[in-house]
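Peer 1: What follows is a protein structure lacking sequence information:
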Ligand SMILES: Cc1cc2nc3c(=O)[nH]c(=O)nc-3n(C[C@H](O)[C@H](O)[C@H](O)COP(=O)(O)OP(=O)(O)OC[C@H]3O[C@@H](n4cnc5c(N)ncnc54)[C@H](O)[C@@H]3O)c2cc1C
């Protein structure tokens, strides 16, 4: 076992929060023979399952089907889109969430993991209190996640909503202003456009998905323009006024945008206020809980995982953190989870997927680098699917591939191979010699590697 404070604790691990980070930690800890309890105030599964990844991807799938129907005649299929039935969309989405929720509850009960319902608070370094009940643990894992942020002057309510309310809409608005052009903003913008909504995305920075390599932002903006999604980059929100029949958003400089609804998608903040972390000596930074690379907080025996820890806010990072902490507590000395090795997918149409360093980050780290952009125009499967886009590889000069950046419909599915490439520090020649099945979109990764290894095949200049 890892070092822990002397205690007569009834549990080995007390986990505060049952989202991706918390429940993954519980399942792994139980497999390792540790006595675990999870405290959850909402539903086991947290944001990802109930208000995040899963319901949004279900909406994106309905959106994709709508686009296919709309475009069916271009592949010789006669069909017409009669409309979007939001109550049926919601039952499909809720059905997916419900089945996964049941499955997760089943995993917990099969593993006999104790789940305590209620809002917990850290009341000592080894104790979480829930409704007067004190749960003591040799180790405590903080996994309370994040909440949707807003901006000053942008009060949530009525027609102004965050992703939480947007997921519950029971009809299709005729127009929407999305404030924030990062992952959540572009995903909702993409869904709504496919559902027939007039969408305007407002982003304060100079490009959409600003955390991605610039080439992906440019391609996405072009694709959105083709889809007639209005994009206002470098535009800052100033104020919003709600009327009986709509909202008016004013941007800095005076431009106004009228719409049915406004989605506020300006990022997520840490859920830590009032939970006793600082009182017990856990250092926080504007609410985040910074940790060392072994996910230890500043208090012995107290760990933090998932969105609460500054860095990428992704469910699979939470899973990896949770598993890491369980194994660390069990004394297995696991490899740390490094953010730069975590794959990222934005599931709008077209999809944006990446792993590793962007071109500027690689330049800063390695000095000399090489890049190659493979256009999906040369990829048979992408042509069949009628999608455009590219795969960009970034390598250290004469060294391994350190970044993969992709855009195109379904390209999110290729991120597994991209992740192996970057995390195993593969050279272009290594990837090039793997035979990729034809015609698949994975060939684009092989082709890009072939080109970077100096032997391009289906590569157009
Ligand atoms: C719209 C949207 C789409 C997303 N899409 C994706 C995606 O496609 N892919 C992806 O990887 N990520 C996605 N994410 C991000 C992903 O949902 C989060 O990264 C992930 O849920 C973080 O897991 P977590 O365990 O840290 O926190 P959470 O999932 O937020 O879990 C924290 C849990 O703690 C509970 N809790 C909080 N405080 C207390 C307390 N005091 N007592 C008891 N319980 C408490 C909460 O109820 C919650 O269940 C999306 C997020 C959103 C909002």
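Peer 2: Perfect, thanks for sending it. Predicted model, so just to flag it, every value in this text is computed and none were measured.

Peer 1: of all the residues in the stretch 1-150 of the chain, which ones are close to the ligand?
Peer 2: Counting by Cβ under 6 Å from any ligand atom, the residues of the stretch 1-150 of the chain close to the ligand are 16-22, 39-42, 46-48, 51-53, 56-57, 119-120, 143-146. (Glycine included, C-beta is placed from N, CA and C.)

Peer 1: same check, this time on the stretch 251-400 of the chain
Peer 2: Contact residues (Cβ under 6 Å from any ligand atom) of the stretch 251-400 of the chain with the ligand: 271, 275, 306-308, 313-316, 318, 347.

Peer 1: Give the buried residues for stretch 448-461.
Peer 2: Neighbour-count burial for stretch 448-461, with 16 or more other Cβ atoms under 10 Å as criterion, is recorded at 448-453, 456, 458-459.

Peer 1: Now render those residues as a markdown table, adding distance to the ligand.
Peer 2: Listed next are these as a markdown table, based on distance: Cβ to the nearest ligand atom, whole Å:
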| residue | distance to the ligand |
| --- | --- |
| 448 | 24 |
| 449 | 26 |
| 450 | 31 |
| 451 | 30 |
| 452 | 28 |
| 453 | 32 |
| 456 | 33 |
| 458 | 31 |
| 459 | 31 |
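
Peer 1: Check whether the closest residue to residue 346 other than its chain neighbours sits in a helix, strand or coil.
Peer 2: Nearest in space to residue 346, with sequence neighbours left out and distances taken as Cβ to Cβ, 6 or more residues apart in numbering, is residue 352 at 4.1 Å. What DSSP: H, G, I helix; E, B strand; the rest coil gives for residue 352 is strand.

Peer 1: Now do the contacts for residue 352.
Peer 2: Each residue near residue 352 by Cβ atoms under 8 Å, 6 or more residues apart in numbering is listed here: 209, 212, 216, 220, 345-346, 406-407, 411-412.

Peer 1: And residue 244, by the same measure?
Peer 2: By Cβ under 8 Å, 6+ apart, no residues touch residue 244.

Peer 1: ditto for the one 5 residues further on
Peer 2: Listed by Cβ under 8 Å, 6+ apart, the contact partners of residue 249 are 177, 179, 202, 237, 239-240, 256-259, 262.

Peer 1: ok, of those, which come out buried?
Peer 2: 177, 179, 202, 237, 240, 257, 259, 262.

Peer 1: Tell me the buried residues in the strand or helix carrying residue 102?
Peer 2: Using DSSP states H and E, the element containing residue 102 is helix 86-110. For helix 86-110, the neighbour count (16+ other Cβ under 10 Å) marks 86, 89-90, 92-93, 96-97, 101, 104, 108 as buried.

Peer 1: Quick one: list the elements packing against that helix.
Peer 2: When contacts are defined as 3 or more Cβ pairs under 8 Å, 6 or more residues apart in numbering; DSSP states H and E, helix 86-110 sits against helix 20-31, helix 46-51, helix 53-70.

Peer 1: can you do 6 Å?
Peer 2: helix 53-70 (3 or more Cβ pairs under 6 Å, 6 or more residues apart in numbering; DSSP states H and E).

Peer 1: Can you name the residues in contact with the helix it packs on?
Peer 2: Residues from elsewhere that reach helix 53-70 (Cβ atoms under 6 Å, 6 or more residues apart in numbering): 79, 81, 89, 93, 96-97, 167, 187, 191, 194, 315, 347.

Peer 1: nearest to the ligand, of those residues?
Peer 2: residue 315 (3.6 Å; Cβ to the nearest ligand atom).

Peer 1: give me every residue that touches that closest one.
Peer 2: With contact set as Cβ under 6 Å, 6+ apart, residue 315 has these partners: 20, 48, 53.

Peer 1: Mind doing that once more with 10 Å?
Peer 2: Residues in contact with residue 315, defined by Cβ atoms under 10 Å, 6 or more residues apart in numbering, are 19-21, 24, 45-49, 52-54, 306-307.

Peer 1: and if you look at residue 79?
Peer 2: Listed by Cβ under 10 Å, 6+ apart, the contact set of residue 79 reads 68-73.

Peer 1: Ok, residue 118 next?
Peer 2: Contacts of residue 118 (Cβ under 10 Å, 6+ apart): 39-41, 129-133.

Peer 1: mind running it again at 6 Å?
Peer 2: With Cβ under 6 Å, 6+ apart, residue 118 has these contacts: 41, 130-131.

Peer 1: Buried ones among the residues you listed?
Peer 2: Among the contacts of residue 118, those classed as buried by 16+ other Cβ under 10 Å are residue 130.

Peer 1: Which residue ranges make up the domains of this protein?
Peer 2: 11-148+269-339, 160-266, 350-452 (automatic domain parsing).

Peer 1: Can you convert the ones you listed into CSV and add a column each for distance to residue 154?
Peer 2: Shown next, in CSV, are these (distance: least, Cβ to Cβ, whole Å):
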stretch, distance to residue 154
domain 11-148+269-339, 11
domain 160-266, 6
domain 350-452, 26
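
Peer 1: Distance of the nearest residue to residue 166 once chain neighbours are set aside relative to the ligand?
Peer 2: In space, and not counting its chain neighbours, residue 166 is closest to residue 263: 5.4 Å by Cβ to Cβ, 6+ apart. According to Cβ to the nearest ligand atom, to the nearest Å, residue 263 and the ligand sit 10 Å apart.

Peer 1: Whichever strand or helix holds residue 263 packs against which elements?
Peer 2: Assignment of secondary structure by DSSP H and E places residue 263 within strand 261-264. Using 3+ Cβ pairs under 6 Å, 6+ apart, the elements in contact with strand 261-264 are strand 175-179.

Peer 1: Looking at the buried residues of stretch 448-461, which one is closest to residue 171?
Peer 2: Ranked by distance to residue 171 (Cβ to Cβ), those are led by residue 448 at 43.3 Å.

Peer 1: Just give the nearest non-adjacent residue to that closest one, would you?
Peer 2: In space, and not counting its chain neighbours, residue 448 is closest to residue 374: 3.8 Å by Cβ to Cβ, 6+ apart.

Peer 1: And residue 276, by the same measure?
Peer 2: Using Cβ to Cβ, 6+ apart and skipping the chain neighbours, the partner closest in space to residue 276 is residue 122 (4.1 Å).
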